[in-house]
Each structure stands twice: as structure tokens, then as C-alpha cells.
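> let me see the structure of the following:
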Amino acid sequence: MSTQARDPITCHVLDTTTGRPAANMAVKLFCLAIPDIIFNCKTNADGRIGNWNNLQGANGTEGAFVTDRGGVPATLHYMIRHYAEEGSGAGPSRPEGATLWKLQFDTGSHYGVENTFFPIVELTFLVKEGEHFHVPLLLGPYSFTTYRGS
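Numbers count the residues shown, from 1 in each chain. Presented below is the predicted three-dimensional model:
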């Protein structure tokens, strides 16, 4: 049985009010250099996303940008490499050789928008080619924290 290798950017959500994974939470991932290419998924039963989808093409299929580059994993690697090499936008928020990415967690659907202060949690972080980036989110209805995982 073969398993799909994890993508270069993964995440994990833990609900700190229950001490359990936040399963079935919608999460979006995008590179700020090209924010109209959106990767999305829902956390699994363990609160993790190891592989992303890109369902923004016609009839809910992968978008042309992604299919032209050989699918989601290849596109993520391409974007990390290409936009880091391109160098445009390097400055105080993005050093040379890095790309700026954002994870967007739909926390309002998890708790109910009336039961949380943070209906959407967005985390922006730097990515460098050749490394794996795991972003854990420790979440409560009125607080959250994160760190660079391994």
C-alpha cells in the first residue's frame, strides 16, 4: 500500500478547550506572491492536513495553474522555488530566498461564530526551499497560539 508523501507545508489544529484535535476544520493556504491560487482542505480526525487540494477550476476540478505544473505537491514546490528566486517583493517582511505564505483557519465554523472572538485565524509565515514547514495551531474560543513545528 502506497501513501502519498506530505506536502512541503502542513498544519495541525488542537482544540485546547477539550485537549483533542480539531477535526473537520476548513483551512486555506496561499502564497502572498500569487494569492488567487488557493489550496484548501479540511483537517482529518487527528486535526492534521498533510496534503492540500486545489479545487478552483471548472466544475470543482484543479485549476489550470496547478494541473499545468503536475498537481498540488509539484505546484507548491514550484511556487516556493519560483517566487523566492524571482526576488520581487523582498524587503522588511520577506527576505531574499523566501516566500510569504498564509494559512486561514475557519475557526468560526468549529466553535460557532457566536461562541468565539476569532471566527477566522490567519497565520502568515516565511517559507524557504528545501525545508518542510509544519504549522501547529493551539486554539481556544478566545485565544490561540502557534509555533514552527517539525
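> what are the ranges of the strands in the protein?
9-15, 20-21, 26-31, 39-42, 48-49, 98-105, 121-128, 133-140, 143-146 (DSSP state E).
> residue 74 is nearest to which of those strands?
When the strands of the chain are ranked by proximity to residue 74, the top entry is strand 39-42, at 12.5 Å, counting by CB to CB. For every residue, glycine as well, the C-beta is placed using N, CA and C.
> which strands or helices does that closest one pack on?
strand 26-31 (3 or more CB pairs under 8 Å, 6 or more residues apart in numbering; DSSP states H and E).
> the strand it packs on pairs with which strands?
strand 39-42 (antiparallel), strand 98-105 (antiparallel) (DSSP bridges).
> could you give me the buried positions within the longest helix seen in the chain?
With residue count as the measure and DSSP state H as the assignment, the chain has helix 72-86 as its longest helix. The neighbour-count check on helix 72-86 (16 or more other CB atoms under 10 Å) flags 72, 73, 75, 76, 77, 79, 80, 83, 84 as buried.
> who does residue 123 form a beta bridge with?
residue 103.
> who's in contact with it?
For residue 123, the contacting residues are 102, 103, 105, 135, 137, 146, taking CB atoms under 8 Å, 6 or more residues apart in numbering as the criterion.
> local confidence estimate at the first one?
To tie it back to what came earlier, the one meant is residue 102. On pLDDT, residue 102 comes in at 97.
> what residue ranges in this protein are flagged as low confidence?
For the chain, residues meeting the criterion pLDDT under 70 lie at 1-4, 57-58, 87-93.
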